[in-house]
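Asker: sequence unknown, structure follows:
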């Protein structure tokens with residue numbers, strides 16, 4: 001304990017000092033997510049941004065998490081060679097390629113906007129929004145990379 005651990009409270013004889021006790025665990029065990037079990041199957045650049053974004057989410061960095069979610073989507077589009085002059089067009093091209101459904105693209109557009117707000121407005125989103133957004137990108141990674149790999153291995 002040190003002088004920073006002392007707080008002042010109003011007592012019966014005026015202000016009194018008392019020790020403040022607090023405990024904070026990093027990463028927060030109640031909010032920590034674990035990585036996809038087969039994240040090693042992701043392309044190297046995608047694995048890197050996925051891992052960094054997961055770290056930002058687990059450390060309670062909402063702006064960086066939002067930026068990372070957008071970067072994951074952009075990296076998937078690049079890896080899948082989606083055409084278009086911007087991320088909006090590239091997400092739509094993933095529908096044309098059969099990688100995404102129209103409904104899936106609609107959701108990714110919402111995440112693209114979330115990421116843009118984080119990057120350009122430094123807007124933090126709620127942990128509930130970011131948790132759901134991370135669920136969506138993990139589902140995308142499972143559907144585009146991990147499940148196809150396992151299907152090829154099991155159903156030759």
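Answerer: Good, I have the coordinates. A quick note: this is a predicted structure, and the numbers were derived from the prediction, not measured.
Asker: Kindly provide the distance from residue 134 to residue 80.
Answerer: When Cβ to Cβ, to the nearest Å is the yardstick, residue 134 and residue 80 sit 20 Å from each other. For the C-beta atoms, the positions are set from N, CA and C on the backbone; glycine is no exception.
Asker: what about the strands in the protein?
Answerer: 6-11, 14-19 (DSSP state E).
Asker: Now do the last one: which elements does it pack against?
Answerer: With contacts defined as 3 or more Cβ pairs under 8 Å, 6 or more residues apart in numbering; DSSP states H and E, the secondary structure elements packing on strand 14-19 are strand 6-11.
Asker: Let me know the average pLDDT across the strand it packs on.
Answerer: Confidence for strand 6-11, expressed as mean pLDDT, is 69.
Asker: So for residue 134 and residue 80, which sits in the more crowded spot?
Answerer: residue 134 (20 against 16; other Cβ atoms under 10 Å).
Asker: contacting residues for the more buried one?
Answerer: Residue 134 sits next to 33, 53, 54, 57, 65, 69 when contact means Cβ atoms under 8 Å, 6 or more residues apart in numbering.
Asker: does residue 15 have beta-bridge partners, and which?
Answerer: Note on residue 15: beta-bridge partners by DSSP bridges are residue 10.
Asker: can you count the residues close to it?
Answerer: Using other Cβ under 10 Å, residue 15 has 8 neighbouring residues.
Asker: Retrieve the pLDDT associated with it.
Answerer: 73.
Asker: I'd guessed residue 91 sits against residue 80; true?
Answerer: No. Using Cβ atoms under 8 Å, residue 91 makes no contact with residue 80, being 10.4 Å away.
Asker: what about the residue nearest to residue 32 when sequence neighbours are not counted, how many neighbours?
Answerer: With Cβ to Cβ, 6 or more residues apart in numbering as the criterion, residue 32 has its nearest non-adjacent residue at 4.9 Å, and that residue is residue 58. By other Cβ under 10 Å, the residues close to residue 58 number 18.
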